[in-house]
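**Student:** can't give you the sequence, but here's the structure:
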């Protein structure tokens, strides 16, 4: 395969260029692990006077945020008018923001809206959003989990570029276009499920996703544009359907261990031969999926049993469980005639859905899907932990008590301290080990930062800090 210098990325009119920004990760105590997504009506909306806005035709676009909170919930109305859009550069380079809740009703997230929000680790995007703008989440390097909702039809240029902590990605069936560089530089990405409606793998769309190991292109795809998977250095296998009749220059440059899988006589086979890439016919693949990835609890979700390249007829078995449970519940008849089942999650929780596909040869493939079920009337996790005093003498025992409300219950706690000269926190006891109270004896006459973290059963974490002044 041919290689080009990095300057070759100045393509398409000479206006596109990748900028890779190295950012320090937030320390582990501040990490908010996505579990149950926050619902717009639940969390108290951030005060209206902390936003700058523009109004057109009776609808509000948020143009800026002047507050300092790390957790922001955009109100659904401002001044009695509905909020319909997050405008260009609204939260641009906000280095405080860790959690953002977007209410139902907002339809677009503007260009560079959250560009460079390097501490943003949790975001709830409602189904009402249809467009995610150019560079909207570029450089959100702490964002490790993402649900792109059903309703989105366009992912603009570089919208999630350099989201280096993002590991798993499901593109819903409503998405018909992923523009160039949409996920370029997502170096932590290991698993991608693509929309059946996408017809083009656009230029440099997954450039530099160096941990991506395998990709199944949907049957609707007709072309793979230049650089689409360039420098995906761990990519071992890509399944190319017979519908593909064009693969662009450097589409797989830097993928030194790649095998292209396709049908004999297809364009994919010809491309592989001409470019000295290994080729074989594809093996049985389980491509099952959920009709929606996030829903209010007590709402029906459909599980679609799907597969390709199996031997003869394929039958399916369906199961579900809460992510905190060790046992699975069967849905419908195991390996019956149904290729589609539905179930209703009754609790606010992160669910895992397992689909087993068995072909006529007896081969079974298992796929695990994730469903976020939330309660729009359930309170968010609140850290109500306490410290016995905020001023003490050196060597005095200070009591720290973990307490919480809301969230998914079944709380565990972690207790930390940090001297002013230290860059990292030190655990007072084993984090999340079941202890609800510990004692801390400060050894120096300085001002300590004491941190108490609470984690609920779905993995959501809330943090509370105190300043402890210690005298001699």
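**Tutor:** Sure, I can see it. Predicted model only: the values in this text are computed from it and were never measured.
**Student:** Contacts only, for the closest residue to residue 309 other than its chain neighbours.
**Tutor:** In space, residue 309 comes closest to residue 282 once its chain neighbours are excluded; the distance is 4.7 Å by CB to CB, 6 or more residues apart in numbering. Placement of C-beta: from N, CA and C, glycine included. Taking CB atoms under 8 Å, 6 or more residues apart in numbering, we find residue 282 in contact with 239, 261, 262, 263, 308, 309.
**Student:** out of those residues, which are buried?
**Tutor:** Neighbour-count burial within the contacts of residue 282 applies to 239, 261, 262, 308, 309; the criterion is 16 or more other CB atoms under 10 Å.
**Student:** For those residues, work out which two are farthest apart.
**Tutor:** Greatest spacing in the buried ones among the contacts of residue 282, by CB to CB: 262 and 308 (11.8 Å).
**Student:** shared neighbours of the two, anything?
**Tutor:** With CB under 8 Å, 6+ apart as the test, residue 262 and residue 308 both reach 239, 282.
**Student:** hang on, the earlier thing: next one: the residue nearest to residue 309 relative to residue 249, how far apart?
**Tutor:** 24 Å (CB to CB, to the nearest Å).
**Student:** for residue 266, same thing?
**Tutor:** Between residue 266 and residue 249 the computed distance is 19 Å (CB to CB).
**Student:** same question, residue 268
**Tutor:** In terms of CB to CB, residue 268 sits 16 Å off from residue 249.
**Student:** coming back round to it: just say helix, strand or coil for the residue nearest to residue 309.
**Tutor:** Following DSSP: H, G, I helix; E, B strand; the rest coil, the label given to residue 282 is coil.
**Student:** Confirm for me that residue 62 is in contact with residue 84.
**Tutor:** No. Contact criterion CB atoms under 8 Å: residue 62 and residue 84 do not qualify, at 9.3 Å.
**Student:** May I ask which helix or strand of this structure has the lowest mean pLDDT?
**Tutor:** The helix or strand of the chain with the lowest confidence, counting by mean pLDDT, DSSP states H and E, is strand 404-405 at a mean of 80.
**Student:** Remind me what that one packs against, helices and strands.
**Tutor:** Judged by 3 or more CB pairs under 8 Å, 6 or more residues apart in numbering; DSSP states H and E, strand 404-405 is in contact with strand 382-383.
**Student:** Next secondary structure after the strand it packs on?
**Tutor:** Later in the chain than strand 382-383, the nearest helix or strand by DSSP states H and E is strand 386-387.
**Student:** what sits against residue 394?
**Tutor:** 442, 443, 444, 445, 470, 471, 472.
**Student:** Now compare these and name the two farthest from each other.
**Tutor:** Maximum distance among the contacts of residue 394 (CB to CB): 13.0 Å, for 443 and 471.
**Student:** Could you measure from residue 244 over to residue 262?
**Tutor:** In terms of CB to CB, residue 244 sits 8 Å off from residue 262.
**Student:** list residues touching both of the two?
**Tutor:** Joint contacts of residue 244 and residue 262 (CB under 8 Å, 6+ apart) are residue 268.
**Student:** CSV for the buried ones among the contacts of residue 282, including pLDDT, secondary structure and distance to residue 391?
**Tutor:** Formatted as CSV, those follow (pLDDT from 0 to 100; DSSP: H, G, I helix; E, B strand; the rest coil; distance: CB to CB, whole Å):
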residue, pLDDT, secondary structure, distance to residue 391
239, 97, strand, 64
261, 98, strand, 67
262, 97, coil, 70
308, 94, strand, 66
309, 94, coil, 69
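**Student:** I'd say residue 417 and residue 452 touch.
**Tutor:** No. Using CB under 8 Å, residue 417 is not in contact with residue 452, being 10.2 Å away.
**Student:** Lovely, talk soon.
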